[in-house]
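Enquirer: just coords:
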């Protein structure tokens, strides 16, 4: 298990290193001078020079990369050109919106998808299965930001149960904040729950057709017992993979949904940064999101090992 | 016993598959709408008709008009072009690069090359398509072409992984060994024996990625990173409707339904094709 | 009174008839063998007893187990019987166990499902059951996972689960088909011992007459869903009446009519061949280990000879085959075909490779399902510098198909239109089409039913006579090797432990392993 963890940890490190190079180079391939790009066409030469200095554009490529990565390792993401404030602090504030939103949505998605998928698999071909499959077929096809708009129309504008957007801040009360995140989280969770329920169902059906389920039935287990005791845990491996992938979609999907609901999260920040040509912010937020995705994948791989003894034994 | 299932012709199976029929019909409607829009639309979509702005559905405008008085049905027809074009090219990019990479990795399984290709895939996977799009837009500015590139890049590892896993299973089969005994090299075997046998998988995944492409394009246009005005696009129609949703819900309803139905159609078609192609079901055990 | 009584059983699955008018009975302490080829309905008979049938199955008739009318019991009542009064052992031990739960948990589950006992008591009794199937505590603690066990050991765990509650009836569905011959003998001995100790009845399903002849009290022969012959094993082989039973018996002992065509001229020379694989790294920085699958073997194959290569799974025979075919490079020694190396530089020698061909085991996996027969059988033409085209190509296809007993018109069909036996004929046609000197038969008849196997063996004998072919016949099946080869090599752990003329090796084996192998092989009564 230790060897497995170490090998996964190594691959996590390599992924992050390569990702940082890709992101850094992507910004570097920018035609011309990033400082000129950021300041626009009518920049004064002295402001340009000042910005070049501030961005550390005067060093070699290697020096600049080392500066950027070194800074991030120390928690220093640089200074935003437009806001004149520390990017780390800005990210810190925004993260308190984006991360709870992603976790909220992931929880909702899992809580809906597991029972639905299991129910459909246990009643394969029956009315329950047809219903779950039909609803999830729609759920997969619906664009989440459109669903969000429809929910705003119904629950905020017509019924007035929720506000149409905005975020009060955690200091105004946990309950209020959670309420503000509810519609966004539901909008994010619906398509993901649909996908997850379908994956759960098909993974269970695959497992239920395995020989060892027949062995369990021959021991005297009922269909339900065989499903709970033998099929479920074996079906978890593909399901975990999807949950891991969904987290990255939720972080990224959050970017759009935050815009629908005017939430002050990383998503809004990145769009404001793009329109303000604030490359430092874009670069740092993208790197942070990639870090989150890679980290979650690492945790998913550890979870595999908890489920499957064969992985624990292997390096 | 299995002959009854296998002998039924592919065409007959397709006609009996409800998913495929419904999905195919939906897809056909939107593809046709996009094609017809090249020669005819009910109203021109580049004019402004302030007198007729924000009209609910009527006989003259079946889906109503928007805040510039443009006919929403015409906008949806023209917008279908953008969605379909972006998704097709993005799937094309994914297949063009992903499939050969997957075949190559499978043929060299366990070597450094395989490892490098697959790790590279993992890395691209760590950037959700939206992040790729954001980076590209941040650098080159927003446009439909950049949206295509972003979605296409994201499709590459999807097809590479699928091709590799399908190909690896095939490389274990005796008929591949027979081809090797006949002196055929791995490149020749990959194209002559492996590719035709993973084609079904690729077609099914292609329809799924196509639908994801349409969703992704809509999302990017919605946040302003996709097709730029004056090119009509479903996602931007939704973005423009957002502030008017309380008094003009039809402006938000119809473009969203267009996306939903197109994606639904493609997904149903993919499921139907999978049912027909899946050897597990075909064996009819 | 009998323990299991099946009378006039009919079974349909989705309306298709599977069983018709099946009757048989098992008494306590009795072993009844049900024998039939694939599709005879023998396994479905077993599943009907447990009522573990696929969806859409409909059974009519009478199945009485220990006084219970199995066809009328509710699902809950059936669950109480399964594992308790009747246990079952399956064909495929590699997949019959849940891969992520320990063997202790899985055996204890049988007890926990049926009796109100504590987890620790169930575990203690699971230990006892594992001891009974000869998996001792020191080497096989309860905390072992299935992936840590071999196929034979896993089958023992499945048996332990089936007998943990000392059921009255044990049903075994082809329990040894997937196992090596020596393991098979051990599992059969274990089953017989358990039946005798507990006074269980046993219903054993198999395709192998010889397995049953050794251990059954009664034998039931099935064909196409019907019972064609029933009788005591001791006398059945002499008293058989039904033409199908007789045909089955004849096919099981069939030896094709052939003569030794061995010449003095060596065709294939294998000298000190070593084939090693790198193991995955154990530590990050340590050098990877190595495993030698073939440890420096040598032999000569003479033109016109039929040479057998016998060994159990993992002995290195497949690895050696690949090396001979020039598919993999060897790490030591040389392989010469008619004096020329099969591998030159980093590629196979085409001039040599076009003179040898191969037929594989699996008639279903050896063909690309998307190509027609004409394209399939002409694949070896790729080895020729100037492959025939047009009329010459058509003539070659027709000749190859005709010589294996198929019609030239068959070239326009797809492979799924053929039965397993016909596919194996097509595989032979593919090997023949470039008129090779040597054909390597890699378990070529192992997946076939006995009657089809007999036909293919006849075909092989006939072809070797007509075309002067040389065969290298690789198999785990001793009776087949005995029937078709002139000389035999016995391989174990990458080395040859014995070699000699086939009759001599089989009648007077010298090496302990050969002796064990021959003793383990089930045999039909001599006089039959």
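Expert: Great, that's in hand. Only a predicted model underlies this, so the values are computations on that prediction, with no experimental measurement involved.

Enquirer: where in the stretch 1-150 of chain B is pLDDT low?
Expert: Residue ranges of the stretch 1-150 of chain B with pLDDT under 70: B:1-9.

Enquirer: tell me the pLDDT at residue A:236?
Expert: As predicted, residue A:236 sits at a pLDDT of 89.

Enquirer: ditto for residue A:37
Expert: We have a pLDDT of 68 for residue A:37.

Enquirer: list the contacts of whichever residue of chain B sits closest to chain C.
Expert: In chain B, the residue found nearest to chain C is residue B:174; the distance is 4.0 Å by C-beta to the nearest C-beta. Every C-beta, even on glycine, is put in place using the N, C-alpha and C of the backbone. Residue B:174 sits next to C:360-362, C:365-366 when contact means C-beta atoms under 8 Å, 6 or more residues apart in numbering or on different chains.

Enquirer: just the helices in the stretch 151-300 of chain A please.
Expert: A:174-208, A:211-218, A:223-226, A:232-260, A:266-275, A:279-307 (DSSP state H, counting those that start in this stretch).

Enquirer: do you know which of those lies nearest residue A:75?
Expert: helix A:279-307 (11.2 Å; C-beta to C-beta).

Enquirer: tell me which element the most centrally placed residue in chain B is part of?
Expert: Centroid-nearest residue in chain B, with C-alpha atoms, centre = their mean: residue B:210, separated by 0.6 Å. Using DSSP states H and E, the element containing residue B:210 is helix B:195-222.

Enquirer: and the helix or strand following that helix, how far from the chain's centre?
Expert: Downstream of helix B:195-222, the first helix or strand assigned by DSSP H and E is helix B:234-241. Distance of helix B:234-241 from its chain centroid, counting by C-alpha atoms, centre = their mean, to the nearest Å, is 20 Å.

Enquirer: just checking, next helix/strand downstream of the lowest-mean-pLDDT helix or strand in chain A?
Expert: Here the helix or strand of chain A ranked lowest by mean pLDDT, DSSP states H and E is helix A:34-39, holding a mean of 68. Per DSSP H and E, helix A:34-39 leads on to helix A:45-55 as the next helix or strand towards the C-terminus.

Enquirer: now the angle from that next one to helix A:279-307?
Expert: Angle of helix A:45-55 versus helix A:279-307, following axes from the mean of the first three to the mean of the last three C-alpha atoms, to 10 degrees, is 20 degrees.

Enquirer: packing partners of helix A:45-55?
Expert: Using 3 or more C-beta pairs under 8 Å, 6 or more residues apart in numbering or on different chains; DSSP states H and E, the elements in contact with helix A:45-55 are helix A:34-39.

Enquirer: how about the residues of chain C by chain B?
Expert: With the criterion set to C-beta under 8 Å from any C-beta of the partner chain, chain C comes near chain B through C:16, C:54, C:325, C:327, C:348, C:350, C:353-354, C:357-358, C:360-362, C:365-370, C:379-383, C:416, C:427, C:430.

Enquirer: quick one: buried ones out of the residues you listed?
Expert: Taking 16 or more other C-beta atoms under 10 Å in any protein chain shown as the criterion, what is buried in the residues of chain C next to chain B is C:325, C:327, C:348, C:353-354, C:357-358, C:360-362, C:365-368, C:379-383, C:427, C:430.

Enquirer: so which helix or strand takes in residue C:61?
Expert: Assessed by DSSP H and E, residue C:61 sits inside strand C:57-65.

Enquirer: distance of the closest residue to residue C:490 other than its chain neighbours from residue C:319?
Expert: Spatial nearest neighbour of residue C:490, chain neighbours left out: residue C:498 (4.3 Å); criterion: C-beta to C-beta, 6 or more residues apart in numbering or on different chains. As defined by C-beta to C-beta, to the nearest Å, residue C:498 lies at a distance of 19 Å from residue C:319.

Enquirer: buried ones in the strand holding residue C:61, by neighbour count?
Expert: C:57, C:59, C:61, C:63-65.

Enquirer: which two of those residues have the greatest separation?
Expert: Taking C-beta to C-beta, no two of the buried residues of strand C:57-65 sit farther apart than C:57 and C:64, at 18.8 Å.

Enquirer: closest one to residue C:45 among the helices of the stretch 151-300 of chain A?
Expert: Closest among the helices of the stretch 151-300 of chain A, using C-beta to C-beta: helix A:211-218, at 15.1 Å.

Enquirer: is chain B contacted by the closest one?
Expert: No: Helix A:211-218 lies out of reach of chain B by C-beta under 8 Å from any C-beta, never closer than 13.4 Å.

Enquirer: between that helix and helix A:174-208, how many degrees?
Expert: For helix A:211-218 against helix A:174-208, the angle by the same axes, to 10 degrees is 90 degrees.

Enquirer: grab the nearest non-local neighbour of residue A:305.
Expert: residue A:311 (4.4 Å).

Enquirer: just checking, that neighbour touches residue A:4?
Expert: Yes: counting by C-beta atoms under 8 Å, residue A:4 is a contact partner of residue A:311 at 6.2 Å.

Enquirer: give the intersection of the neighbour lists for these two.
Expert: With C-beta under 8 Å, 6+ apart as the test, residue A:311 and residue A:4 both reach residue A:305.

Enquirer: host element of the spatially closest residue to residue C:135 that is not a sequence neighbour?
Expert: With C-beta to C-beta, 6+ apart as the measure, residue C:156 is the residue that lies nearest to residue C:135, at 5.4 Å, once sequence neighbours are left out. Using DSSP H and E, residue C:156 sits in helix C:151-163.

Enquirer: which elements pack onto that helix?
Expert: Helix C:151-163 packs on helix A:211-218, strand C:86-89, helix C:103-114, helix C:119-132, helix C:181-198, going by 3+ C-beta pairs under 8 Å, 6+ apart.

Enquirer: of the ones you listed, which stretch is the most buried?
Expert: Highest mean neighbour count of these: strand C:86-89, a mean of 28 (counted as mean count of other C-beta atoms under 10 Å in any protein chain shown).

Enquirer: ok, is that strand in contact with chain A or not?
Expert: Yes: residues of strand C:86-89 contacting chain A under C-beta under 8 Å from any C-beta: C:87-88.

Enquirer: low-confidence ranges in the stretch 201-315 of chain A?
Expert: By pLDDT under 70, the low-scoring segments of the stretch 201-315 of chain A are A:314-315.

Enquirer: for chain B, what's its nearest residue on it.
Expert: Closest point on the stretch 201-315 of chain A to chain B, by C-beta to the nearest C-beta, is residue A:252, at 3.7 Å.

Enquirer: the nearest residue to that residue once chain neighbours are set aside - how many residues pack around it?
Expert: Spatially, and ignoring its direct neighbours in sequence, residue A:252 is nearest to residue B:128 (3.7 Å; C-beta to C-beta, 6+ apart). Neighbour count of residue B:128, defined by other C-beta atoms under 10 Å in any protein chain shown: 23.

Enquirer: so how far is residue A:296 from residue B:128?
Expert: Distance, residue B:128 to residue A:296, by C-beta to C-beta: 12 Å.

Enquirer: now the common contact residues for these two.
Expert: Counting by C-beta under 8 Å, 6+ apart, the residues touching both residue B:128 and residue A:296 are residue A:248.

Enquirer: ok, residue B:132 - how many residues close by?
Expert: Neighbours of residue B:132 (other C-beta under 10 Å): 21.

Enquirer: what's near enough to touch it?
Expert: With C-beta under 8 Å, 6+ apart, residue B:132 has these contacts: B:124, B:150, B:153-154.

Enquirer: and the helix holding residue B:210, what other elements does it pack with?
Expert: Packed next to helix B:195-222, using 3+ C-beta pairs under 8 Å, 6+ apart, are helix A:144-151, helix A:232-260, helix B:72-107, helix B:129-140, helix B:144-171, helix B:234-241, helix B:249-277.

Enquirer: out of these, deepest packed?
Expert: Each of the helices and strands packed on helix B:195-222 was scored by mean neighbour count; the highest is helix B:234-241, a mean of 25, by mean count of other C-beta under 10 Å.

Enquirer: quickly check: that helix near chain A or not.
Expert: Yes: using C-beta under 8 Å from any C-beta, we find that helix B:234-241 touches chain A at B:235, B:238, B:241.
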